[in-house]
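S.K.: Provided below for reference: sequence and predicted model.
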Amino acid sequence: MTQSEGSLDQRFAQSMGSLLGPDFPSDIGLAVSGGGDSMAMLYLAHNWTRVWGVRLWVATVDHGLRPEAAAEAAMVAEECRSLGWPHATLRWHWDGQGNVQNEGRQARLGLIERWRGGLRHVLMAHTQDDLAETFLIRLKRGSGVDGLSAMRAKRLVHVTQPVPEEIAGEVAGATPVASDAPSAGFHVIRPCLEMRREELRHYLRTLQGRWVDDPSNEDTHYDRVRMRRLLATLEGEGLGVETIAATASRMARAKAALSARALAVWADLGNEGQALSQSTGDILFGRAGFDEVEQDSQMRLLAAALQFVSTSPYRPRAEATEALLDRILSGGGGTLQGCDVRTNRDTICVSRELSAVRDQVNSVGDGALWDGRWQVFHPKFKGLAIRALGEDGWAQCGARTGGAPPFRAALVLPSVWDGGRLVACDALAIGPGNTTQLQAMGQERMTFAKFLLSH
């Protein structure tokens, strides 16, 4: 449907129907910052619920980066009260580490995961303008098909690394009720992806709705602001938002085809590492078959393996992946994104890098995942430590049975410790066995094949 076909309310209802219908959930979350796009989405969702009877839960993330943020969250809360919907403010305190925009995006998802209770769907107000701006940002970085693909209108999010308690501030306001059968992750729903930013502003002005303008949207230090201004120039050359969005959609179709090809290659020559019938968390490719595959599939499989093993929210940059792939095809290896890649006679193995996990120590039973993907559930070990096996653990293993992983791969295996004494390491047949498993996703864990299709 084009911009001129139907009112914004009708188009929103159609989008919600295609993304969530025909059996709508009873409760849906909304991430509302107070800006024009998200406030328009709030009013659209409010009007939509009059027909469908869905209950809305609204959350505003206060990143604590601007003094006005608290007042903006209060404005959203006040407007939600007038509309009759519960609201919560989720506060985050940046620790000064990493890129603030990237950290902020991940914190937002982590805070929503903490807040959402039994909610399985959270609406976000990304627009067609956001899609076009993202396309140009990634084009500038030299992205390929994946990076230039349109963001999905519905995406399942698994938050494997919760926001640490020391930087996750309090939740002020209403919190959805937790589910008796909690879902593994939640769906980000983007019902406004085919709407223009100016359309949403017009909707707000017509309704005399409230919103705030973030001054950072005029700060040309940010790529997105510069691309937003560039789009105004490109429009006159026939390279406007709608044209770029259409290209991004075609890229998404190409990505789906390439992902299907990579999945077929994986089925032929890949496997997830096992030692003594226990998962090691590694990804392995048959070397002979891998060498003969076209480069795009090699790149796709390698980048996905690095992201899967490291549990990173992002794949590594293309240039770095290409350089590592060249070394692999020459019989070498290397490290990237917290992973160690080794080429053996018959296999290419992607394992966790020891330096990335050496200092990670969890207490068994605290509910946290070690390295974002391992959990220990044996009641006998409650209160003990889970960490990487390391060289001291390897030294305590003594005689090992056949089938143990190579030395470097073994050093990063999850293991249970009582002080300085190794108590359990399933993959090396130390301890009672069946004590440690990869993170469960509902009733089954996320396999690499599923990961390829979902990313």
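M.R.: Structure's in. What do you need? The shown structure was predicted, so the numbers you read here are calculated from the model rather than taken from an experiment.
S.K.: the residue most central in space within the chain and residue 158, how far apart?
M.R.: Geometric centre of the chain, nearest residue: residue 313, 4.5 Å, by C-alpha atoms, centre = their mean. As judged by C-beta to C-beta, to the nearest Å, residue 313 and residue 158 stand 10 Å apart. C-beta here means a position set from N, CA and C on the backbone, and glycine is covered the same way.
S.K.: returning to that earlier point: list the residues that contact the residue nearest to the centre of the chain.
M.R.: For residue 313, the contacting residues are residue 106, by C-beta atoms under 8 Å, 6 or more residues apart in numbering.
S.K.: quick one: which helix or strand includes it?
M.R.: Using DSSP states H and E, residue 313 sits within no helix or strand.
S.K.: circling back to that earlier point, common neighbours of residue 313 and residue 158, please.
M.R.: With C-beta under 8 Å, 6+ apart, residue 313 and residue 158 have no common neighbours.
S.K.: now do the SS call for residue 335.
M.R.: Three-state assignment for residue 335 (DSSP: H, G, I helix; E, B strand; the rest coil): strand.
S.K.: er, residue 248 I mean
M.R.: Residue 248 - assigned by three-state DSSP - is helix.
S.K.: count the neighbours of the nearest residue to it once chain neighbours are set aside for me.
M.R.: Closest residue to residue 248 apart from its sequence neighbours, by C-beta to C-beta, 6 or more residues apart in numbering: residue 150 at 3.7 Å. The number of residues packed near residue 150 is 22, by other C-beta atoms under 10 Å.
S.K.: repeat that for residue 425.
M.R.: 27.
S.K.: now it. Nearest residue, chain neighbours left out?
M.R.: Leaving aside its chain neighbours, residue 425 sits nearest to residue 415 (4.0 Å; criterion: C-beta to C-beta, 6+ apart).
S.K.: neighbours of residue 302, just the number please.
M.R.: Residue 302 has 25 nearby residues by other C-beta under 10 Å.
S.K.: what's the first helix or strand after the helix or strand containing it?
M.R.: Element membership for residue 302, per DSSP H and E: helix 295-310. The helix or strand immediately downstream of helix 295-310 is helix 318-329, counting by DSSP H and E.
S.K.: packing partners of the host helix or strand of residue 233?
M.R.: Assigned by DSSP H and E, residue 233 belongs to helix 223-235. If you count contacts as 3 or more C-beta pairs under 8 Å, 6 or more residues apart in numbering; DSSP states H and E, helix 223-235 packs onto helix 128-140, helix 241-269.
S.K.: what sits up against the helix or strand containing residue 89?
M.R.: Assigned by DSSP H and E, residue 89 falls within strand 87-92. Strand 87-92 has contacts (C-beta under 8 Å, 6+ apart) with 57-64, 70, 73-74, 76-77, 80-81, 104, 107-108, 111-112, 114-115, 163, 167-175.
S.K.: please repeat the previous calculation with a cut-off of 7 Å.
M.R.: Applying C-beta atoms under 7 Å, 6 or more residues apart in numbering, the external contacts of strand 87-92 come out as 58-64, 73, 76-77, 80, 107, 111, 115, 163, 167-175.
S.K.: give me the buried entries from those.
M.R.: Neighbour counting with 16 or more other C-beta atoms under 10 Å marks 58-64, 73, 76-77, 80, 107, 111, 115, 163, 167-169, 172-173, 175 as buried within the contacts of strand 87-92.
S.K.: surely residue 340 and residue 408 touch.
M.R.: Yes - in this structure, residue 340 is within contact of residue 408 by C-beta atoms under 7 Å, at 6.4 Å.
S.K.: which parts of the stretch 351-455 of the chain are helices?
M.R.: 354-357, 390-396, 407-410, 448-454 (DSSP state H, counting those that start in this stretch).
S.K.: would JSON lines of these with distance to residue 45 be doable?
M.R.: As requested, these are exported to JSON lines (distance: least, C-beta to C-beta, whole Å):
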{"stretch": "helix 354-357", "distance to residue 45": "41"}
{"stretch": "helix 390-396", "distance to residue 45": "51"}
{"stretch": "helix 407-410", "distance to residue 45": "49"}
{"stretch": "helix 448-454", "distance to residue 45": "26"}
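S.K.: residue 229: which of these is closest?
M.R.: Across those, the minimum distance to residue 229, taken as C-beta to C-beta, is reached by helix 448-454, at 34.2 Å.
S.K.: follow-up on the earlier one: if I look at the residue nearest to residue 248, how far off is residue 229?
M.R.: Applying C-beta to C-beta to residue 150 and residue 229 gives a distance of 22 Å.
S.K.: give me the below-cutoff pLDDT ranges for the stretch 201-350 of the chain.
M.R.: Where the stretch 201-350 of the chain drops to pLDDT under 70, the residues are 276-277.
S.K.: break this structure into its domains for me.
M.R.: If you go by automatic domain parsing, the domain ranges for the chain are 8-239, 261-353+446-454, 356-445.
S.K.: picking up where we left off before, where do the contact lists of residue 340 and residue 408 overlap?
M.R.: Shared contacts of residue 340 and residue 408, defined by C-beta under 7 Å, 6+ apart, are found at residue 351.
S.K.: what about those two, which has more around it?
M.R.: residue 340 (22 against 14).
S.K.: compute the inter-axis angle for the helix or strand encompassing the more buried one and helix 295-310.
M.R.: According to DSSP H and E, residue 340 maps onto strand 339-343. Strand 339-343 and helix 295-310 are oriented at 130 degrees to each other (axes from the mean of the first three to the mean of the last three C-alpha atoms, to 10 degrees).
S.K.: partners of strand 339-343 in the sheet?
M.R.: Here strand 339-343 has these sheet partners by DSSP bridges: strand 334-336 (antiparallel), strand 347-352 (antiparallel).
S.K.: and among those strands, the most buried is which?
M.R.: Of the strands paired with strand 339-343, the one with the most neighbours on average (mean count of other C-beta atoms under 10 Å) is strand 347-352, at a mean of 24.
S.K.: how many neighbours does residue 90 have?
M.R.: Residues within reach of residue 90, counting by other C-beta under 10 Å, total 26.
S.K.: okay, and the beta partners of it?
M.R.: In this entry, residue 90 is beta-bridged to residue 61, residue 171, by DSSP bridges.
S.K.: just checking, next helix/strand downstream of whichever strand or helix holds residue 280?
M.R.: Assigned by DSSP H and E, residue 280 belongs to strand 278-286. The C-terminal neighbour of strand 278-286 among helices and strands, as given by DSSP H and E, is helix 287-292.
S.K.: so what secondary structure elements neighbour that next one?
M.R.: helix 241-269, strand 347-352 (3 or more C-beta pairs under 7 Å, 6 or more residues apart in numbering; DSSP states H and E).
S.K.: list the buried ones in it?
M.R.: 287, 290.
S.K.: how far off centre is it?
M.R.: Once both centres are worked out by C-alpha atoms, centre = their mean, to the nearest Å, helix 287-292 turns out to sit 30 Å from its chain's centre.
S.K.: try stretch 83-90
M.R.: On C-alpha atoms, centre = their mean, the centre of stretch 83-90 falls 25 Å from the chain's centre.
S.K.: cool, stretch 200-210 as well?
M.R.: Chain-centre distance of stretch 200-210: 32 Å, with C-alpha atoms, centre = their mean.
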